[in-house]
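S.K.: here are the coordinates; sequence isn't available:
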């Protein structure tokens, strides 16, 4: 007997979850299931999750993905070593901003392991990032600070995604595109938000 449009959608969402296991194993595997549920029921509202925040903190500080963190710490070290007193003024902030823009690689979930641990499929790319210096304290022989990182991704597929030779091979992405783009379903994409506080320190 015929099934309703909603029943058909439910079947496709269940299949998406099942197929997502190809890309998700380990501690971050639950993320893609949560994202699929939010795609199903969230009506386009923004989404965040503490597990994703933890993963974001990991790539900010991790070897091979911590380039921007290393450059910020180096810039602060150089500033404090060249001046007896630290003044967090506009010039200081612009100095650090220039370092980030000039030659730093922002953290992304593009490690080889992210193809299989659920992060690469959950966060396709980091659409925007903001870095704030929340606190900086100088002592006699050292300093410590607190950075606040905020990132955002778009959970949705464009035509350029589904026509990509790699993505088009996987039924997971074809179902996703159909549910989002077909006029009879039109499930809404949404913004994924994540953040992390990162402690930094150095010696002067």
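M.R.: Yep, that arrived. Worth saying up front: this structure is predicted, and the values here are computed from it rather than measured.

S.K.: quick one: the residue nearest to residue 48 when sequence neighbours are not counted and residue 164, what's the gap?
M.R.: Closest residue in space to residue 48, ignoring its immediate chain neighbours: residue 193 at 4.6 Å, by Cβ to Cβ, 6 or more residues apart in numbering. Glycine gets a C-beta too; all of them are placed from N, C-alpha and C. Distance of residue 193 to residue 164, computed by Cβ to Cβ, to the nearest Å: 25 Å.

S.K.: for the most centrally placed residue in the chain, what are its contacts?
M.R.: Closest residue to the average C-alpha location of the chain: residue 126 at 4.9 Å, with Cα atoms, centre = their mean. Listed by Cβ atoms under 8 Å, 6 or more residues apart in numbering, the contact partners of residue 126 are 106, 107, 108, 109, 151, 152, 153.

S.K.: nearest spatial neighbour of it, chain-adjacent residues omitted?
M.R.: What sits nearest to residue 126 in space, not counting adjacent residues and going by Cβ to Cβ, 6+ apart, is residue 151, at 4.9 Å.

S.K.: that neighbour: which element?
M.R.: Element membership of residue 151, judged by DSSP states H and E, is strand 142-155.

S.K.: sort out which residues of that strand are buried, please.
M.R.: 143, 145, 147, 149, 151, 152, 153, 154, 155 (16 or more other Cβ atoms under 10 Å).

S.K.: could you dump the contacts of residue 126 to JSON lines with pLDDT and distance to residue 178?
M.R.: Shown next, in JSON lines, are the contacts of residue 126 (pLDDT from 0 to 100; distance: Cβ to Cβ, whole Å):
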{"residue": "106", "pLDDT": "92", "distance to residue 178": "32"}
{"residue": "107", "pLDDT": "94", "distance to residue 178": "32"}
{"residue": "108", "pLDDT": "94", "distance to residue 178": "27"}
{"residue": "109", "pLDDT": "95", "distance to residue 178": "25"}
{"residue": "151", "pLDDT": "97", "distance to residue 178": "28"}
{"residue": "152", "pLDDT": "98", "distance to residue 178": "25"}
{"residue": "153", "pLDDT": "97", "distance to residue 178": "21"}
